[in-house]
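sequence first, predicted coordinates after that:
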Amino acid sequence: MSVILRPRALRSGDLVVVAALSGRLERGEEPLLARGVAILERMGFRVRVSPMVDPARNRWWASGTPAEQAAELNGLLRDPEVRAVVAHTGGQATIGYLDLIDLDAIRADPKPILGYSDISLLHMALYARTGLVGFHADIATHGFGGDWYTLGDEARRSELVDLYTRVLTRAEPAGVLPAQGAWETWRPGRAQGALVGGLLNRLVQLQATPFAPAAEQFDGAVLFWEELQRPVSRIWCDLHALRLSGVLDRIAGMVVGIPAEVTPHEGGEDRAGLRDVVLDVLAQRDIPVLAQVDFGHTSPNLPLPLGVRARVDADHRTLSLLEPAVAES
């Protein structure tokens, strides 16, 4: 079992910084960002927006050059006043600076880093190199400020504010995660193991770098993943890449998020959907598969902390956090 590095628990009034860890802030997104900041403040934190979260700051599809993005992140990691970092959005830029991150700063003062999509690369790379528990969780602009309003109501927002606050501030297991929609059993069974995963195509992309999690970090793990804007044929290929790398032979269970714009294969009477290709690649591997779980690009995201032991019960369609995600501060 891999040794994990839990961030220090947050306290009410702690400083949380919204940073441009990948994509730029587009013009017109300022109201979404402000609403996202308000959600973080509702959790009890002081919030600061970093200078690179600005429509005037951009380079191609990113908020800056890899060196600039790394410098901003490293500054936040080294600043003792900053207690957590939240990505304002995802994008296409994180892989450019993975080799520039101050890993010693993380080891000296581990902090929660929140985000999903492209930020999956950051979580998995830091988990691989330092054991840091990263939080596959919502982003500030399109998550807290967008999906929490367009895809959820006030009751769900309140439920999630309470859940995020407990996960980030209390050194105790969060227990059963609250479902919003109807989760699905794609293969029955129960399993316990460390949560590992993120955006599927980023997990596969990372496998080609020195920052990929070691094989043993998948031993007995609960692999969680989501995907967007891909045909199921592409997902079939990516899952086979994980099979060939040995990942699927090591995991104890699988949790699939809500797909976004994932298109089925249509070939006359020959049709294949996402469930079909997942079970096809898994073949005879006897592991539970729980699907349509509330994380991804079309749902307010449940917080999923990498490295933390979880229980997946596909029979009863539940996912539970069995360990704290943070350590006493």
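Yep, that arrived.

show me which positions of stretch 284-293 end up buried.
287-293 (16 or more other Cβ atoms under 10 Å). Yep, even glycine has a C-beta here, placed from its N, CA and C like the rest.

tell me which of the residues you listed fall in strands.
Judged by DSSP state E, the subset of these located in strands is 289-293.

give me the pLDDT for Asn58.
Per-residue confidence (pLDDT) for Asn58: 85.

was I right about it contacting Ser22?
No - using Cβ atoms under 8 Å, Asn58 is not in contact with Ser22, being 11.9 Å away.

quick one, which of these two is more surrounded?
Taking neighbours as other Cβ atoms under 10 Å, Asn58 and Ser22 compare with Ser22 leading, 27 against 16.

now do the same contact list for that one.
If you count contacts by Cβ atoms under 8 Å, 6 or more residues apart in numbering, Ser22 has them with 62-63, 69, 87, 89-94, 115, 117-119.

quick one, the helix or strand containing Val255 and strand 289-293 angle?
Taking DSSP states H and E as the definition, Val255 sits inside strand 253-257. Angle, strand 253-257 to strand 289-293, by axes from the mean of the first three to the mean of the last three Cα atoms, to 10 degrees: 20 degrees.

this structure: helices as residue ranges?
30-42, 66-78, 103-108, 119-130, 148-150, 154-169, 200-206, 232-244, 247-250, 274-282 (DSSP state H).

what's the closest of the ones you listed to Glu226?
helix 200-206 (6.9 Å; Cβ to Cβ).

which secondary structure elements does the closest one contact?
When contacts are defined as 3 or more Cβ pairs under 8 Å, 6 or more residues apart in numbering; DSSP states H and E, helix 200-206 sits against helix 119-130, strand 222-226, helix 232-244.

give me the contact list for the first one.
For helix 119-130, the surrounding residues in contact (Cβ under 8 Å, 6+ apart) are 4-5, 21-22, 87, 90, 94-95, 98, 101, 103, 106-107, 110, 113, 115, 132-136, 139, 196-199, 202-203, 205-206, 209, 211-214, 217, 306-307.

around the closest residue in space to Ala291 that isn't next to it in sequence, how many other residues sit close by?
When the adjacent residues along the chain are set aside, Ala291 lies closest to Val256, with 4.0 Å between them (Cβ to Cβ, 6 or more residues apart in numbering). By the measure other Cβ under 10 Å, the count of residues near Val256 is 26.

so Val256 touches Glu226, yeah?
Yes - the criterion here is Cβ under 8 Å, and Val256 meets it with Glu226 at 7.1 Å.

on that earlier part again, in ChimeraX, select just the buried ones from the contacts of Ser22.
In ChimeraX, the members of the contacts of Ser22 classed as buried (16+ other Cβ under 10 Å) are selected with the following command:
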select :62,63,69,87,89,90,91,93,94,115,117,118,119
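
need the contacts of Ser22 in CSV (columns: distance to Ala283).
Converted to CSV, these look like this (distance: Cβ to Cβ, whole Å):
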residue, distance to Ala283
Ala62, 39
Ser63, 42
Gln69, 40
Ala87, 36
Thr89, 37
Gly90, 32
Gly91, 35
Gln92, 33
Ala93, 36
Thr94, 32
Gly115, 33
Ser117, 29
Asp118, 30
Ile119, 31
